[in-house]
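Peer 1: my questions are about this predicted structure, shown below with the sequence.
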Amino acid sequence: MKWWLCLFSLTAFTCAAITPAEIQRDIHNDGQHAFARKISDAAWQETLSNISAGKHEWIALAPELAPVMDRQHAIQLGEALYHALLPDAKETLAVLAILDKHQHAYPFQQGIGTSCVPPLNKAGDAVEEPSVYEQTRLALLDVGPQGADCLWTMEALVEEVKAGDQARRMIRPGKAEIEQ
């Protein structure tokens, strides 16, 4: 009977949700270069999910995460911060301002330059989630002047992608365009 109780309690502890405090502890204990290699996929996905959901205490971790990320994790963190703009633009922009101030300390650039760039589809010729882009754009407009740089970065990329797509269509017309 005790054996089953131990097994049950071990399972309960391994399935327990990670907290921002635990992430901070691991960053400080593991050191700058080891954290990205040591964090479990499940813990990292939970971190990204909570940041993307706009949870303040998780968004606030970004300045501590940025200096310890490898390239892959940095890209994922940037995307999570992009998605955090919609539910909490004000808090996310405040964190992005911190990241921009200290970006020289990060191995991979973080801040407005990467986190305000909407993810593109696999072909790279359109925004992956147009409705999320439009809603995020409106959220940035609602925040006021502090959202201007982020909004400019988003819109500049989208216009560049549109121009590139138009140029590709002019070079290689589609079947419908050839028939006309």
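Peer 2: Nice, thanks for sending it over. Numbering: from 1, shown residues only.

Peer 1: how about stretch 69-87: buried residues?
Peer 2: For stretch 69-87, the neighbour count (16 or more other CB atoms under 10 Å) marks 69, 73-74, 76-87 as buried. Backbone N, C-alpha and C define where each C-beta goes, glycine included.

Peer 1: repeat that for stretch 136-156.
Peer 2: Residues of stretch 136-156 classed as buried under the neighbour-count rule (16+ other CB under 10 Å) are Thr136, Arg137, Ala139, Leu140, Val143, Gly147, Asp149, Cys150, Leu151, Thr153, Met154.

Peer 1: starting at the chain centroid, how far to that stretch?
Peer 2: Once both centres are worked out by CA atoms, centre = their mean, to the nearest Å, stretch 136-156 turns out to sit 16 Å from its chain's centre.

Peer 1: contact partners of that stretch?
Peer 2: Outside stretch 136-156, the residues within contact range by CB atoms under 8 Å, 6 or more residues apart in numbering are 82, 85-86, 89-90, 93, 96-97, 112-113, 115-118, 133.

Peer 1: now do 6 Å
Peer 2: With CB atoms under 6 Å, 6 or more residues apart in numbering as the test, stretch 136-156 has contacts from Leu85, Leu86, Ala89, Lys90, Leu93, Ile112, Cys116, Pro118.

Peer 1: which residues of the protein fall in strands?
Peer 2: Assigned by DSSP state E, the strands in the chain number zero.

Peer 1: hmm, which helix or strand of it has the shakiest average pLDDT?
Peer 2: Among the helical and strand segments of the chain, the one scoring lowest on mean pLDDT, DSSP states H and E is helix 2-14, with a mean of 43.

Peer 1: mind checking how far the longest helix seen in the chain is from the chain centre?
Peer 2: Counting residues, the longest helix in the chain under DSSP state H turns out to be helix 148-171. From the chain centre to the centre of helix 148-171 is a distance of 20 Å (CA atoms, centre = their mean).

Peer 1: ditto for stretch 121-131
Peer 2: 16 Å.

Peer 1: and stretch 133-144, by the same measure?
Peer 2: Offset of stretch 133-144 from its chain centre (CA atoms, centre = their mean): 16 Å.

Peer 1: could you give the average pLDDT over that stretch?
Peer 2: Averaging pLDDT along stretch 133-144 gives 94.

Peer 1: same thing with stretch 63-76?
Peer 2: Across stretch 63-76, pLDDT averages out at 89.
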